[in-house]
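K.L.:
Build the 3D model from these lines:
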Amino acid sequence: MASKSFKASRSSLSATSDALENQKPPLPPTVTFGRRTSSGRYISYSRDDLDSELGNNEFMNYTVHLPPTPDNQPMDPSISQKVEEQYVSNSLFTGGFNSVTRAHLMDKVIESEANHPQMAGAKGSSCSIPGCDAKVMSDERGVDILPCECDFKICRDCYIDAVKTGGGICPGCKEQYKNTELDELAVDNGRPLPLPPPSRVSKMERRLSLMKSTKSALMRSQTGDFDHNRWLFETRGTYGYGNAIWPKEGNFGNGNGDENSVSDPTELMNRPWRPLTRKLKIPAAILSPYRLIIFVRLAVLVLFLMWRVRNPNKDAIWLWGMSVVCEIWFAFSWLLDQLPKLCPVNRSTDLNVLKEKFETPCPNNPTGKSDLPGIDIFVSTADPEKEPPLVTANTILSILAADYPVEKLSCYVSDDGGALLTFEAMAEAASFANVWVPFCRKHDIEPRNPESYFNLKRDPYKNKVKPDFVKDRRRVKREYDEFKVRINGLPDSIRRRSDAFHAREEIKAMKLQRQNREDEPVEPVKIPKATWMADGTHWPGTWLNSAPEHSRGDHAGIIQVMLKPPSDEPLLGTSDDSNLIDMTDVDIRLPLLVYVSREKRPGYDHNKKAGAMNALVRASAIMSNGPFILNLDCDHYVYNSKAMREGMCFMMDRGGDRLCYVQFPQRFEGIDPSDRYANHNTVFFDVNMRALDGLQGPVYVGTGCLFRRVALYGFDPPRSKEHHSGSGCCGCCFGRRKKKSNPEENRALRMGDSDDDEEMNLSLFPKKFGNSTFLIDSIPVAEFQGRPLADHPAVKNGRPPGALTIPRELLDASIVAEAISVISCWYEDKTEWGQRVGWIYGSVTEDVVTGYRMHNRGWKSVYCVTKRDAFRGTAPINLTDRLHQVLRWATGSVEIFFSRNNALLASSRMKLLQRIAYLNVGIYPFTSIFLIVYCFLPALSLFTGQFIVQSLSVTFLVYLLTITVTLCMLAVLEIKWSGIELEEWWRNEQFWLIGGTSAHLAAVLQGLLKVIAGIEISFTLTSKSGGDDLDDEFADLYIVKWTSLMLPPITIMMVNLIAIAVGVSRTIYSTIPQWSRLLGGVFFSFWVLTHLYPFAKGLMGRRGRTPTIVFVWSGLIAITISLLWVAINPPAGSNQIGGSFQFP
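P.N.:
Here you go, the predicted model:
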């Protein structure tokens, strides 16, 4: 196809330079330049950066090929932008390292028909120009835009040609086009009229919706920005609707300066300020005893350990020594885990106040248009075989149907495998969203994941009042069943299509060979077996049969706008018979949906999930630049459609500008009722995380987290110096010295990890963020738009109300081409991405490290527990999968402990108890060493007839009883203030021992190998269940898959069972039975076996179908231990193995 070079227009950070730039004629759209590095790669620069260096031979041309755009055509700008956006949404953009960026126009994305006008490849009328089969220009509803009164259908390119070269003559009626303004929109009287922009305003100021004041400094608000309200009050200025001080009727814009022309502003100043969130403290009747018992148990542990050290068992000093060392470590580990729990809190939000402040008509927003900031939602997937596309598609549908302003929501799907299967599954999801999203909005559906909704085990008709709900639900259910059939049939469809096209290509090649070799024998033609898209072209990503530049680790970067940005105003549906359901008075717009597959090339470390997330951060900054980012795993869907509003309550509340992220708890579906392997993890999510919320905030757990974009960029929080003093202690437990406040709210963009008090020099940004000026320009915009409302004097670093009601910029080819460049494999070279910016590299648990870095810079986080679960996902219920998942988490913790992210090296900005919590994150796997030793001690005690103490004295029993009772009391009180159940607490205790004796030990060994020998740790992707097994929902629970992680727990169980038998038999048949020692050993052995009971049950499989290998290993271990014991302690009267037994 025809391609054309272009130069992407970039805005300058400097207002002066931008103003001067507006006076210059536009540069010719020829080429942009790039620098060739020593490794042979090309790094692009803007032309302005190289004006003084064009003569250097080191610089070479870097050309970007794209279809012709109407930027320089005599077409109305608003129309050309809308048409260009439609054109961009129908194009597949590819590019990357040392290659051109191309836009491939796709008239067909999926085999089925695309109905929604926002969707790529949407159906439409064909151009009437002979020989042209392009689509006619259309508006937001998909209605044809016909520029001539004769209704001659013409496409974008033909219309441009007619205006540019045809003299503006309509090809149909041969008359002159009367009006090139194709989209005249009547001005709504209720819509605020914009301020007339100053003559030389910069692009950045226009995007921020700000004006620089020429008045005195008294006219500025506490934000440091121009105070519109005060200016209007002092000057009696009126510029249309939207004034903070309303002009009285009949005097609008008369300019006579009459005092009575402005109404009294007192009613505006007397409105009470209401917070968006509240902190609900734990009742003192629960929290005070809880804290008291912690200190009591700590004192008892200290006294007990002192007594143990002073009273050794001289008969078995080795047994006593091992037990004392283990007990000291257990006490230390318990202290690290318990101290951060001193200050638990609960929080609540007020969605009514959020709606009142941001979506209710007011003087600054008379139409009530949403003033909420934008949110970019990231969904990550890597392998369609382990992460079924149907699961990912349902997650996408739940996001598109979320209850948040449509124009403020954007969804980015990261396909790190570059699979055509995922691409077409997302396109099918976008097509089905045309029905599903209006259905959810019309009938207020919860949850908005179709798979979960249609599988609900409750009455679906409860609280549904609209008479057509039953009919609509039945139709949508039938459509969803067909959608599932299409998704599940995609692998075969792609394979058959590719085989057909491949056969056609082979036939063409053979015909061509016969033509070139008329008399020579024809040899078989070998053509690489490509993977083909629905429009009959090669898929630029990973092929089913790997080939150079088309494999999982070697393919171009891909961006496809599946759903183009919605219109700024609501688009209400109609009762058209062609629609599946009646959409009258239902907003049918869909959020922006973008498919992204970053470039991968051999020889580059792509940094797994963290690298994919950083690529999405950069691409989204250029395309939508939402000031907040919500990241979800492909199997975690939106269960509460208002979850994003709940998180925004914290970000937009007073002091919310110092929050780096809002973490939601992870909730899971498809787990067996008994929760055998503690998959719900409620002790962590409802106890530990609530406790951390009372300190500096919860840790980041990888999904269900709403980030502030500038916090991910590595900046310090606002007013960081003011909050730095005395922050080393727990603010909820100890006082903090107040420091005189400095006006630091104007220094919100200070780079993290720097001691410089001055603002960050913007000229250094390319070294940190890369050389994309689009990306750099977006940073201050995101920072401003993420500020809370300045609606109260106590709100610092706020923004004026109504600043975010302006429409977002339309997409054009240069924006998407820039997004392609920032997801290329070379973009992060010599930048701070992955080191201080974005998701941090170097650990398999990049989530914990990323959150740690933010807390280390002084940011705070918040834990948002909603009444209705915010998100739900799946967890592995199979024992082997669960152990491998825990192994990955523990391995990441060991990596953290041996890295610069160790909490012992944290800055003074991190609170003391928060530092202890992070220290425990890095240390807890090492407990496995002592735990395994301690689990063998009861068996050794029974084998030898000795015990860890000389005798079961009253002192020992009192200490043991006190420690046990206080532990139980703490558990009961934790259950009280956290809301978990006793069974969940007990399951957590059981799996703590199971994981500690298996996965945690392996993690310590792997971590030591990496630190000492440099052996890298492989990352195993956790399989997601597709939910296709209809016979048994919990079939995975009974599958036994052998893994070496099972060896230590099996050994512990066998040794303790044998030891109990040996100990009981010895005591019974001995002349002087030592019952006290037997009881002590048997009690602790039963304690170990009780904790390992779920593990033993998992080995048995379903109905006794135990794999043979389990019996083999058990028998070998039992025989080995028996022979070992006979060798160590042979029977009396013999010095050789086997005693007096002799072979015949």
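K.L.:
Report the contact partners of Leu804.
P.N.:
By CB atoms under 8 Å, 6 or more residues apart in numbering, the contact list for Leu804 reads Ser209, Ser370, Asp371, Leu372, Pro373, Gly374, Lys408, Gln785. For the C-beta atoms, the positions are set from N, CA and C on the backbone; glycine is no exception.
K.L.:
quick one: the strands in the stretch 601-750 of the chain?
P.N.:
For the stretch 601-750 of the chain, the strands defined by DSSP state E, counting those that start in this stretch occupy 628-633, 637-638, 659-663, 667-669, 705-708.
K.L.:
quick check, nearest of the contacts of Leu804 to Glu428?
P.N.:
Set against Glu428, the nearest of these by CB to CB is Lys408 (25.3 Å).
K.L.:
The closest residue to the closest one other than its chain neighbours: neighbour count?
P.N.:
Excluding its sequence neighbours, the residue lying closest to Lys408 (CB to CB, 6 or more residues apart in numbering) is Gly374, at 4.4 Å. Using other CB atoms under 10 Å, Gly374 has 24 other residues around it.
K.L.:
Next: the one 10 residues further on.
P.N.:
By the measure other CB under 10 Å, the count of residues near Pro384 is 22.
K.L.:
Show me the beta-bridge partners of Tyr637.
P.N.:
Arg872 (DSSP bridges).
K.L.:
Below-threshold pLDDT in the stretch 701-850 of the chain: ranges please.
P.N.:
721-762 (pLDDT under 70).
K.L.:
Test my guess that Val1062 contacts Leu942.
P.N.:
Yes: using CB atoms under 8 Å, Val1062 is in contact with Leu942, at 6.0 Å.
K.L.:
Looking at the two, which has the bigger crowd around it?
P.N.:
Applying other CB under 10 Å to Val1062 and Leu942 shows that Leu942 carries more neighbours, namely 28 against 18.
K.L.:
any idea how far Ser1085 is from the more buried one?
P.N.:
For Leu942, the distance to Ser1085 equals 7 Å [CB to CB, to the nearest Å].
K.L.:
what do those two both touch?
P.N.:
Ala1059, Ile1060.
K.L.:
Could you grab the helix/strand/coil label for Phe97?
P.N.:
Of the three states, Phe97 takes coil under DSSP: H, G, I helix; E, B strand; the rest coil.
K.L.:
can I assume it is in contact with Asp829?
P.N.:
No: counting by CB under 8 Å, Phe97 sits too far from Asp829 to count as a contact (10.4 Å).
K.L.:
Those two: who's more crowded?
P.N.:
Taking neighbours as other CB under 10 Å, Phe97 and Asp829 compare with Phe97 leading, 17 against 14.
K.L.:
who are the neighbours in contact with the more buried one?
P.N.:
Arg41, Glu599, Arg601, Ser824, Cys825, Trp826.
K.L.:
from the residues you listed, which two are the most distant?
P.N.:
Arg41 and Glu599, at 11.9 Å, using CB to CB across these.
K.L.:
If you count surrounding residues, which of those two has more?
P.N.:
Neighbours were counted for Arg41 and for Glu599 using other CB under 10 Å; Glu599 has more, 25 against 16.
K.L.:
Now Phe898. Nearest residue, chain neighbours left out?
P.N.:
Going by CB to CB, 6+ apart, Phe898 has Val1011 as its nearest residue, at 4.7 Å.
K.L.:
those helices in the stretch 1001-1144 of the chain, which residues are they?
P.N.:
Under the criterion DSSP state H, counting those that start in this stretch, the stretch 1001-1144 of the chain contains helices at 1047-1069, 1075-1091, 1093-1099, 1108-1128.
K.L.:
Quick check: the gap between Met969 and Ile294.
P.N.:
10 Å.
K.L.:
Same drill for those two, tell me which one is more crowded.
P.N.:
Set side by side, Met969 and Ile294 show more neighbours around Ile294, with 19 against 16, by other CB under 10 Å.
K.L.:
and that one, which of the three is it?
P.N.:
helix.
K.L.:
Residue nearest the middle of the protein, spatially speaking?
P.N.:
Taking CA atoms, centre = their mean as the criterion, Asn631 is the residue nearest the geometric centre of the chain, at 1.6 Å.
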